[in-house]
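Novice: Curious how this folds, go ahead:
(one chain, ligands or ions: 2)
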Amino acid sequence: MKILVTGGLGYIGSHTVVALQQSGFEVSIVDNLSNSTIDVLEGIAKITGITPQFKFLDLRDKSEVHHYFKSHKEIDGVIHFAASKAVGESVENPLLYYENNVNSLVNLLQECKKQGIHNFIFSSSCTVYGEPDGLPITEDAPIKKATSPYGNTKQISEEILFDTSKVSHLKAIALRYFNPIGAHASVEIGELPLGVPQNLVPFITQTAYGIREELSVFGDNYPTQDGSCIRDYIHVVDLADAHVVAINRLLAKKNTTAFEVFNIGTGAGSSVFEVIQTFNQVTDQNLKYKVVDRRPGDVIAVYADTTKANTVLGWKAKFSLADALASAWKWELKIRKE
Ligand code: NAD
Ligand code: UD1
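Specialist: Ligands and ions are numbered 1, 2, ... in the order given. Sure thing, here's the model as predicted:
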């Protein structure tokens, strides 16, 4: 079986390519390298012994996408990661986000329809829930007005998939990721944030390495047990495995509706202070941090109800927060040595 992975040289995509190859799939990657480098291909090959097929392709280019699909007729399914993902940047440049995240999806789906490719996995996000009314959050919780253009592109994309699946042979699964962290155990692939990291874990590892002076904890006066925000941090290797399970579900025609949605998290919420404490424990360090004002737009607490993913999809996270943080630290050490 051959799977096309868009954005397959990116953080989650590269880990998923490894998981797919290790499950026996043949993988083709398309990526425009806007947030990744070609070296990742080598990292993948070092882990699996197989260099996946790669084509430089910008999915916004409708005619190039058409040419690609015309010359690759043997694709059994698509896993679509390629997108822009920086929330702040999306507020400053919404058109870039609507163009990249929405147009690319439409271009892909049009070609899937033409070529008779029915199986499609989409990278969605827990950001579609906004500030939840109840926790843990289930897939049928209401979708609230998005707080950023990035979040809106994920909501619109899910609607595009739902509408298309109603009137065509498309079978799609949207995986709503919670907070992916960590790196592959081999440390051949991991997260490569550009510039100053906006996300918590890369900021922690860079601070521990001495690249950043100290971590700013965005608020300690939230209505949570220790005053800091709560998130569901999931090891990227667990997340990658969820894609293999999801594509197998579609290939085996086990889906119950044409469009399905699953939360992909651990089911456990961790506060920012708990993350710092766990990081200190697993790395035997004492991370420097200071408490600063709340970050505008931050949700207070969100973590997944994973019942549907566990029982219907048949996937469950295996790694702990400590495992994920240890792997993130190992990765930071590895990339600084190079
Ligand atoms: P990433 O930036 O590391 O990977 C995305 C890849 O897509 C990059 O290699 C980039 O070069 C490529 N790309 C972007 N636009 C493209 C285009 N027009 N044509 C071809 N390639 C293009 O991001 P990631 O963290 O691996 O995220 C993957 C997906 O998961 C994204 O859709 C993202 O929105 C979603 N997601 C990520 C997170 C997270 O915290 N990382 C959380 C929820 C959802
Ligand atoms: C962010 C995105 C979300 C995306 C998710 C996964 C925003 C508003 N949301 O979510 O759309 O799906 O990443 O990529 O950006 N924190 C600090 N100090 C820091 C960095 C973070 O205290 O330097 C705190 C934050 O306040 C938050 C937690 O750490 O409570 C996690 O932050 P982050 O890694 O940025 O992820 P999210 O805010 O959950």
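Novice: residues from this protein in reach of ligand 1?
Specialist: 7, 9-13, 30-36, 57-60, 81-85, 100, 104, 123, 125, 177, 180 (C-beta under 6 Å from any ligand atom). Heads up, the C-betas are built off the backbone N, CA and C, glycines and all.
Novice: What residues of stretch 124-136 count as buried?
Specialist: Buried residues in stretch 124-136, counted by 16 or more other C-beta atoms under 10 Å: 124, 125, 126, 127, 128, 129, 130, 132, 135, 136.
Novice: Which parts of the protein are helices?
Specialist: 11-22, 39-48, 62-71, 87-92, 94-97, 104-115, 149-167, 200-209, 236-251, 272-283, 307-308, 321-337 (DSSP state H).
Novice: name the helices or strands packed onto the last one?
Specialist: To tie it back to what came earlier, the one meant is helix 321-337. strand 179-181, helix 200-209, strand 233-235, helix 272-283 (3 or more C-beta pairs under 8 Å, 6 or more residues apart in numbering; DSSP states H and E).
Novice: For residue 285, which non-adjacent residue is spatially closest?
Specialist: Closest residue in space to residue 285, ignoring its immediate chain neighbours: residue 208 at 5.6 Å, by C-beta to C-beta, 6 or more residues apart in numbering.
Novice: Wait, the one you found touches residue 289, no?
Specialist: No - Residue 208 is beyond contact range of residue 289, at 10.6 Å (criterion: C-beta atoms under 8 Å).
Novice: Which one's more surrounded, those two?
Specialist: Between residue 208 and residue 289, counting by other C-beta atoms under 10 Å, residue 208 is the more crowded of the two (21 against 16).
Novice: separation between that one and ligand 1?
Specialist: For residue 208, the distance to ligand 1 equals 20 Å [C-beta to the nearest ligand atom, to the nearest Å].
Novice: if I look at that residue, how far off is residue 338?
Specialist: Taking C-beta to C-beta, to the nearest Å as the measure, residue 208 falls 18 Å from residue 338.
Novice: With residue 129 as the reference, measure out to residue 151.
Specialist: Distance of residue 151 to residue 129, given as C-beta to C-beta: 9 Å.
Novice: How about the contacts made by the residue nearest to residue 168 when sequence neighbours are not counted?
Specialist: Spatially, and ignoring its direct neighbours in sequence, residue 168 is nearest to residue 113 (5.9 Å; C-beta to C-beta, 6+ apart). By C-beta atoms under 8 Å, 6 or more residues apart in numbering, residue 113 lies in contact with 164, 168, 170.
Novice: Same list (those) but as JSON lines, adding neighbour count.
Specialist: Output for those, formatted as JSON lines (neighbours: other C-beta atoms under 10 Å):
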{"residue": "164", "neighbour count": "21"}
{"residue": "168", "neighbour count": "13"}
{"residue": "170", "neighbour count": "20"}
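Novice: related to what we said a few turns ago, OK, contacts around the residue nearest to residue 285?
Specialist: Taking C-beta under 8 Å, 6+ apart, we find residue 208 in contact with 279, 283, 285, 287, 329, 332.
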